[in-house]
Each structure stands twice: as C-alpha cells, then as structure tokens.
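Student: no FASTA, just this:
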C-alpha cells in the first residue's frame with residue numbers, strides 16, 4: 001500500500017473559494033461605502049437588496065470553505081519561525097471570524113429594522129430577531145466597525161503575502177494560486 005503524496009499547495013476548491021470570496025468582499029466593501037451616500041430612491045433600495053444578497057452569499061461560501069477545509073485538510077506549514085506561524089494562524093482565525101460576523105451582523109441589523117430579507121428576490125430568509133432599536137444599533141455598530149477591522153486585516157493579509165513572495169521569496173502566495181502560474185521547479189522529482 002502506497003502513501004498518498006503530500007500536497008504542497010492549496011487545492012483548486014480552496015483556491016476558488018479563497019479568490020471568489022475575496023473578490024465578493026472587495027465588491028461588497030466598495031458598494032457598501034458608495035450606497036450609504038446615495039439619495040433615497042428605488043435605486044438605493046435595489047442596491048441595498050443586492051448588497052444584502054451578496055453578503056448572504058459570502059456567508060454561505062465562507063461556511064462552505066470552512067467545511068471544505070475541515071474535510072480536505074491543508075498543506076503543511078512552510079518552514080519558518082514559530083511566532084510567524086502562530087501569527088498567521090491568529091490572522092486567519094480573525095479573518096474567518098469577521099467574514100462570518102459581517103454578514104450575520106448585517107442580517108441581524110436588517111431583522112432588527114423589521115425589513116424582510118430576500119436572497120436575490122427568490123428566497124425569503126427568516127428574521128434573526130424581532131424589531132428592536134437597541135439591537136439594530138448594536139448590529140449596526142458591529143457591522144460598521146467590523147468592516148473597518150476587516151479592511152485592515154485584509155490589507156495586512158495581502159501585504160504579508162506580497163512580502164513573502166517578493167522579499168522572502170517563499171511559496172506562501174504561490175500555494176494559493178493555480179499551479180500553471182507557479183509550476184514546481186524543473187529539478188523537482190514529484
């Protein structure tokens with residue numbers, strides 16, 4: 001019986017979910033900042049509805065990604081200082097926490113505001129609470145401050161990946177990109 005080869009990079013599903021969620025979060029951030037300044041109109045309501053639907057989609061994809069990570073595992077950590085590995089783990093944990101907290105706080109804000117939540121106008125999602133001005137204020141604050149913290153952590157995460165790629169010249173970034181962009185060296189005997 002042979003031992004399966006050790007994966008040296010994230011699999012295609014991980015990569016697809018990582019970059020898809022990242023693109024959606026960037027889009028949600030841009031639209032979220034823009035829509036708050038829109039004058040009250042039907043267009044604003046439609047933009048808000050799309051923002052909510054994409055936010056719920058991100059929630060579902062993050063849950064799928066967490067499930068896939070548990071099922072499929074992860075590649076082994078690259079060699080490096082233990083403090084750096086612990087810091088990277090803490091950063092990823094915070095990113096996951098915020099990727100869950102953002103859509104959940106938006107959903108709770110919507111529920112406490114007594115608005116129905118229809119995912120892309122197709123499925124009505126249950127309210128997480130009844131109308132509550134106090135809960136609405138708390139959920140709104142979590143959503144707003146969570147956004148700024150998520151933006152900061154995403155910038156640090158991207159900066160760290162670029163630092164690993166450009167300065168350390170290790171495979172940290174390449175492991176999350178398709179192998180076609182970063183094939184293994186020719187002398188690799190895999």
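Tutor: Happy to help now that I have it. Being a predicted model, the structure only gives us computed values, none of them experimental. Numbers count the residues shown, from 1 in each chain.
Student: where in the protein is pLDDT low?
Tutor: Confidence mapping of the chain against pLDDT under 70 gives the ranges 1-6, 182-190.
Student: all helices of it, in order?
Tutor: Using DSSP state H, the helices assigned to the chain run over residues 12-35, 42-72, 82-112, 133-163.
Student: rebuild these as JSON lines, extending it with distance to residue 176 and mean neighbour count.
Tutor: Using the backbone N, CA and C atoms, a C-beta is placed for each residue, glycine as well. Output for those, formatted as JSON lines (distance: least, Cβ to Cβ, whole Å; neighbours: other Cβ atoms under 10 Å):
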{"stretch": "helix 12-35", "distance to residue 176": "6", "mean neighbour count": "15"}
{"stretch": "helix 42-72", "distance to residue 176": "12", "mean neighbour count": "15"}
{"stretch": "helix 82-112", "distance to residue 176": "12", "mean neighbour count": "17"}
{"stretch": "helix 133-163", "distance to residue 176": "8", "mean neighbour count": "15"}
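Student: in CSV, list these along with distance to residue 119.
Tutor: Listed next are the helices of the chain as CSV, based on distance: least, Cβ to Cβ, whole Å:
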stretch, distance to residue 119
helix 12-35, 14
helix 42-72, 5
helix 82-112, 10
helix 133-163, 18
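Student: show me what contacts residue 61?
Tutor: 17, 20-21, 24 (Cβ atoms under 8 Å, 6 or more residues apart in numbering).
Student: returning to that earlier point: looking at the helices of the chain, which is nearest to residue 123?
Tutor: Distance to residue 123, taken as Cβ to Cβ, is lowest for helix 42-72 among the helices of the chain, at 9.1 Å.
Student: now the closest one and helix 82-112, what's the angle there?
Tutor: Put simply, helix 42-72 runs at 140 degrees to helix 82-112, going by axes from the mean of the first three to the mean of the last three Cα atoms, to 10 degrees.
Student: next one: helix 42-72 to chain centre, how far?
Tutor: The chain centroid and the centroid of helix 42-72 are separated by 9 Å under Cα atoms, centre = their mean, to the nearest Å.
Student: and stretch 166-186, by the same measure?
Tutor: With Cα atoms, centre = their mean, you get 22 Å for stretch 166-186.
Student: contacts for that stretch, please.
Tutor: Counting by Cβ under 8 Å, 6+ apart, 8-10, 12, 14-15, 18-19, 75, 78, 80, 160-162, 164-165, 190 sit against stretch 166-186.
Student: same thing but 10 Å
Tutor: By Cβ atoms under 10 Å, 6 or more residues apart in numbering, the residues outside stretch 166-186 that reach it are 7-10, 12, 14-16, 18-19, 22, 74-75, 77-80, 84, 88, 158, 160-165, 190.
Student: same check on stretch 40-47?
Tutor: Contacts of stretch 40-47 (Cβ under 10 Å, 6+ apart): 31-32, 34-38, 115, 121.
Student: the same query, at a cut-off of 7 Å, please.
Tutor: Stretch 40-47 is contacted by residues 31, 35, 38 when judged by Cβ atoms under 7 Å, 6 or more residues apart in numbering.
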